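S.K.: quick one, fold the following:
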Amino acid sequence: MALRSKTIKKGLERAPHRALLYATGIPRSEMDKPFIGVATSFTDIIPGHVGMRDLERFIEKGVHTGGGYPFFFGIPGICDGIAMGHKGMHYSLASRELIADMVETVAEAHQLDGLVLLTNCDKITPGMLMAAARLNIPSIVVTAGPMLAGHYRGRRLNLTSDTFEAVGKYKKGLIKDDELQSLELCACPGGGSCQGMYTANTMACITESLGMSLPGCATAPAVLANKKRIAFESGRRIVALIKKNVTPRKIMTGNAFKNAITVDLALGGSTNTVLHIPAVAYEAGIKLPLEVFDELSIRTPHIANMIPGGTYYMEDLDYAGGIPAVLSRLKSLLNASPTVSGKDIIEIADGADVSDDDVIRPLDKAYHKEGGIAILKGNLAPEGAVVKQTAVSKGMMKFEGTARVFNSEEDGMKAILNGSIKAGDVVVIRYEGPKGGPGMREMLSPTSAIAGMGLSESVALITDGRFSGGTRGPCIGHVSPEAMEGGPIAVLRNGDRIKIDIPKRKLEVLISADEIKKRLAVWKQPEPKIKHGYLARYARLVSSAGSGAIMSDK
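M.R.: All right, here's what the predicted structure looks like:
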């Protein structure tokens, strides 16, 4: 077993290095063991991460049991829900690149032999996966698990429907102060990532489907003992991966990415995966064009009706058999691919049982014939746009309306809440892309306000920003090229007619090509919204949403 850590602990010239290592308290008897970095994103401001101290203990026990020696180091996290709707959301997507860079920096500086990546929420998980693919040293991911459902007056609650959408309901007079306050207290009852197929849980399911976490990890609730057992086994397993030299690029193959996208589509996952999966693939040296999502969506039935678009919670999915059970349903659509467990993904599928045929339906009884995500193109989005089609009602799959154009999320939100958006409108929020935002802010506040005010069956929203996994309704994001790059969305005007046809994958403004060309000829790029600090640098280096919003070093 060739250990990278020999670089910092073997040979006469490494006497100072050994002295510093002994200063940490490591016993002499442990120096020859594999050095395992445990990248932990514990913080006490993110519900999905507050329980990680317990998981750290069990990972540590597992590493020692397996014959390794663990070193913990911290990775920052942002709660997208808390960052939503204000300046903080500019930093969320941009933090993904920082997280990948930090894991790379610590692992390379200390020549760690392997990594356990303890993560949970929206941008932390893809950032960790990007680092694993980039470093290509043995790695295993532990996602900390979903939150249990809230309860109030005999019904189950979740973050989006019962808090974000409650804002619109309150503005419309449908609920009063006492109910709003009760929802605030009850919707999120404790630790864990938000209860539905939002971005955090979607990415956890993708991580397991990629083969980078142990079976059952994605859906095991944060507060249950099974999550601790998975953490322990992950700590033990990383040592075996090092001994066998099983590296991430041996796991995250082209087949693995297609499997993960297939599971994502079957679950009706967050549209943010269209940013994150290509970014992870890029780090693994695999090209994954946007069109792959649509090609797989057409042949992948939607078999799990998860909130926010559906009715089931993550705990329901776990009790029904979790991702292994989903894999068993999808077996005919999957490709053989190894996993960190030592089993092929097909073996995992073969060994799984589905305990609830409505939570995870058979393919011939799917909720929808196609998967969760559709890629739209047209003269408004020449390089593509993204919609979660399984969260759109049948009556809104085709829609034509009048553009109401806003140059920021804040302006759009004001118009929605003051009642100036009417049935038949298409709310257009631009200059919120990776460059224009900067940081491609999520639009959960405006989309939830539209739903809460009862307009989701008569109003559409289009943006070059992105949506939370909690978004439902006819909301189209990732419009590329974005407005800041001079995409057609930059020259839309109030009153333009916009046509959406999701079945035909079309997104068009009903004006001529010559008119678009004339408008673009006189368009001038606006001043950046943020001119200093990390976000200014990010805006200069980030690519379009259509390529995963990556910061290329080429």
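
S.K.: near residue 77, how many other residues are there?
M.R.: As a burial measure, residue 77 scores 25 neighbours (other C-beta atoms under 10 Å). Every C-beta, even on glycine, is put in place using the N, C-alpha and C of the backbone.

S.K.: residue 128 is in contact with that one, correct?
M.R.: No. Contact between residue 77 and residue 128 fails when scored by C-beta atoms under 8 Å: they sit 10.5 Å apart.

S.K.: touching both of these two, which residues are there?
M.R.: Shared contacts of residue 77 and residue 128, defined by C-beta atoms under 8 Å, 6 or more residues apart in numbering, are found at residue 41.

S.K.: kindly confirm my reading that residue 376 forms part of a strand.
M.R.: Yes. Counting by DSSP: H, G, I helix; E, B strand; the rest coil, one finds residue 376 located in a strand.

S.K.: for the closest residue in space to it that isn't next to it in sequence, give me the pLDDT.
M.R.: Nearest residue to residue 376 in three dimensions, chain neighbours excluded: residue 507, at 4.1 Å (C-beta to C-beta, 6 or more residues apart in numbering). pLDDT for residue 507: 97.

S.K.: now residue 446
M.R.: So, for residue 446, pLDDT stands at 88.

S.K.: next, count neighbours for it.
M.R.: 30.

S.K.: can you tell me the element it falls in?
M.R.: Element membership for residue 446 (DSSP states H and E) is helix 444-452.

S.K.: buried residues of stretch 380-398, list them for me.
M.R.: By 16 or more other C-beta atoms under 10 Å, the buried positions in stretch 380-398 come out as 380-381, 383-392, 396-397.

S.K.: now stretch 518-526
M.R.: Under 16+ other C-beta under 10 Å, stretch 518-526 has no buried positions.

S.K.: same deal with stretch 168-187?
M.R.: 168, 169, 170, 171, 175, 179, 183, 186, 187.

S.K.: now do it: distance to the chain's middle.
M.R.: Centroid separation for stretch 168-187 versus its chain: 28 Å, with C-alpha atoms, centre = their mean, to the nearest Å.

S.K.: wait, is the residue nearest to residue 376 part of a helix?
M.R.: No. Residue 507 is assigned strand when assessed by three-state DSSP, not a helix.

S.K.: okay but it is in contact with residue 383, surely?
M.R.: No. If you go by C-beta under 8 Å, residue 507 and residue 383 don't touch, sitting 11.3 Å apart.

S.K.: shared neighbours, those two?
M.R.: Taking C-beta under 8 Å, 6+ apart as the contact rule, residue 507 and residue 383 both touch residue 377.

S.K.: so which residues make contact with the helix holding residue 446?
M.R.: 80-81, 84-85, 160, 164-172, 174, 409, 412-413, 416-417, 421, 427, 429, 456, 459, 461, 467-468, 470-473, 475.

S.K.: among these, which are in helices?
M.R.: 80-81, 165-171, 409, 412-413, 416-417 (DSSP state H).

S.K.: spatially central residue in this protein, please.
M.R.: Most central in the chain under C-alpha atoms, centre = their mean is residue 199, positioned 3.7 Å from the mean C-alpha point.

S.K.: what sits against that residue?
M.R.: Residues near residue 199 by C-beta under 8 Å, 6+ apart: 80, 121, 122, 270, 272, 273, 468, 469.

S.K.: any chance of those in TSV, with neighbour count too?
M.R.: Converted to TSV, those look like this (neighbours: other C-beta atoms under 10 Å):
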residue	neighbour count
80	28
121	28
122	33
270	32
272	30
273	26
468	28
469	32
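
S.K.: out of these, which comes closest to residue 68?
M.R.: residue 121 (26.6 Å; C-beta to C-beta).

S.K.: the closest one falls within a strand, correct?
M.R.: No. Residue 121 is assigned coil when assessed by three-state DSSP, not a strand.

S.K.: quick one: residues contacting it.
M.R.: Contacts for residue 121 (C-beta under 8 Å, 6+ apart) come out as 41, 46, 48, 49, 77, 78, 79, 80, 193, 199, 200.

S.K.: a markdown table for the ones in helices among the contacts of helix 444-452, including distance to residue 517?
M.R.: Formatted as a markdown table, the ones in helices among the contacts of helix 444-452 follow (distance: C-beta to C-beta, whole Å):
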| residue | distance to residue 517 |
| --- | --- |
| 80 | 38 |
| 81 | 41 |
| 165 | 40 |
| 166 | 45 |
| 167 | 40 |
| 168 | 39 |
| 169 | 44 |
| 170 | 45 |
| 171 | 41 |
| 409 | 28 |
| 412 | 27 |
| 413 | 32 |
| 416 | 32 |
| 417 | 36 |
